[in-house]
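*Asks:* could you work out the structure for the sequence below:
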Amino acid sequence: VQLVESGGGLAQPGGSLRLSCAASGFTFSIWAMAWARQVPGKGLEWVSGIYRDGSTWYASSVLGRFTISRDNAKNTVFLQMNSLKSEDTAVYYCVTKTPIIATMAPTKSRGSWGQGTQVTVSS
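*Replies:* Numbering: from 1, shown residues only. This is a model prediction of the structure:
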């Protein structure tokens, strides 16, 4: 399994970024895909997930601002982030092959993870 994130960078508060995660080495279309993030000095948290049927889930902190989508033909999952806030500053990870449970923090010992991409929201 290989997951390669891209699209991170610096954005101003209120701005937008679009993250991409290119997947390979497994049957992408049958697996749920998710985004998790880690704020410096804090633990990992789920951000959003998209299931094989296209249904989606969002953390309350990003609901209405972030949109997850997937392109099964290109083995890619996206995270469109709008109305960015300083508290969105984190390393964002693409994750698969692990249950997405809102009440249970993700852990890198479960599932497959990308290397992460830094998102910084600052004026």
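*Asks:* C-alpha from now on. contacts and neighbour counts both.
*Replies:* Noted.
*Asks:* next, count neighbours for the closest residue in space to M33 that isn't next to it in sequence.
*Replies:* Of all residues not flanking M33 in the chain, T96 sits nearest, at 5.0 Å (C-alpha to C-alpha, 6 or more residues apart in numbering). Residues lying near T96 (other C-alpha atoms under 10 Å) number 22.
*Asks:* confidence score at T96?
*Replies:* Here the pLDDT value assigned to T96 is 96.
*Asks:* hang on, it packs against G114?
*Replies:* No: with contact defined as C-alpha atoms under 8 Å, T96 does not count as touching G114 (9.1 Å).
*Asks:* can you give me the neighbour number for the closest residue to R70 other than its chain neighbours?
*Replies:* Of all residues not flanking R70 in the chain, V77 sits nearest, at 4.2 Å (C-alpha to C-alpha, 6+ apart). For V77, the number of neighbouring residues by other C-alpha under 10 Å comes to 24.
*Asks:* now the one 3 residues further on
*Replies:* The local packing count at Q80 equals 15, with neighbours defined by other C-alpha under 10 Å.
*Asks:* kindly report the same for P106.
*Replies:* Neighbourhood size, P106 [other C-alpha under 10 Å]: 20.
*Asks:* name the SS class of the residue nearest in space to the middle of the chain, please.
*Replies:* Centroid-nearest residue in the chain, with C-alpha atoms, centre = their mean: W35, separated by 2.1 Å. Counting by DSSP: H, G, I helix; E, B strand; the rest coil, the backbone at W35 sits in strand.
*Asks:* give me the beta-bridge partners of it?
*Replies:* Bridge pairing for W35 (DSSP bridges) gives the partners S48, C94.
*Asks:* surely it touches Y93?
*Replies:* Yes: contact criterion C-alpha under 8 Å: W35 and Y93 qualify, at 5.5 Å.
*Asks:* so where's the protein uncertain?
*Replies:* Residue ranges of the chain with pLDDT under 70: none are present.
*Asks:* all strands for it, in order.
*Replies:* 2-6, 9-11, 17-24, 33-38, 44-50, 56-58, 66-71, 76-81, 90-96, 112-113, 117-121 (DSSP state E).
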